[in-house]
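In: pasting the sequence and the predicted coordinates here, then a few questions.
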Amino acid sequence: MQSPPSAPHALDAAPSTVRHHRFGRACAVVLGIEVGLVLLTLPWTPLWDRVLWIAGTSASHASFARLWLSPYLRGACSGLGLFNLWIATSEITDFRPRSE
């Protein structure tokens, strides 16, 4: 009777695979920080008020323009930005290899 195959561990992987995994995680952290900072700050800049498709809205779309310019939507976007930053920083703390 054969024993079941053991589960692969990260330490048993080839060094190039580990480097690719770490590079992918580093790229994800950088992207998460960038997206978080944009979502955190962009809703409170004048650029948010000058969105082209809001500027050309008709009277029937006025309620959508009010929603877009609402501080509640801006706060929700900033909250998403804070969440992205939190996830990215938690990935940074998990990035270091743990000694077992």
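Out: Everything's here; your move.

In: when you work out contacts or count neighbours from here on, use the C-alpha atoms and nothing else.
Out: Fine.

In: quick one: which helix or strand includes the residue nearest in space to the middle of the chain?
Out: Residue closest to the mean C-alpha point of the chain, counted by CA atoms, centre = their mean, is residue 32 at 3.6 Å. Per DSSP states H and E: residue 32 is located in helix 15-41.

In: now that helix: mean pLDDT?
Out: Across helix 15-41, pLDDT averages out at 89.

In: which strands or helices does the helix or strand following that helix pack on?
Out: Once the chain leaves helix 15-41, the next helix or strand it forms, by DSSP H and E, is helix 46-49. Helices and strands touching helix 46-49, by 3 or more CA pairs under 8 Å, 6 or more residues apart in numbering; DSSP states H and E: there are none.

In: tell me how many other residues surround residue 81.
Out: Burial of residue 81 is recorded as 23 neighbouring residues (other CA atoms under 10 Å).

In: got the contact list for residue 17?
Out: Not one residue lies near residue 17 by CA atoms under 8 Å, 6 or more residues apart in numbering.

In: relative to residue 39, how far out is it?
Out: Spatial separation of residue 17 from residue 39 under the definition CA to CA, to the nearest Å is 33 Å.

In: any idea which element the residue nearest to residue 39 when sequence neighbours are not counted lies in?
Out: Nearest residue to residue 39, sequence neighbours excluded (CA to CA, 6 or more residues apart in numbering): residue 81, at 4.5 Å. Using DSSP H and E, residue 81 sits in helix 71-95.
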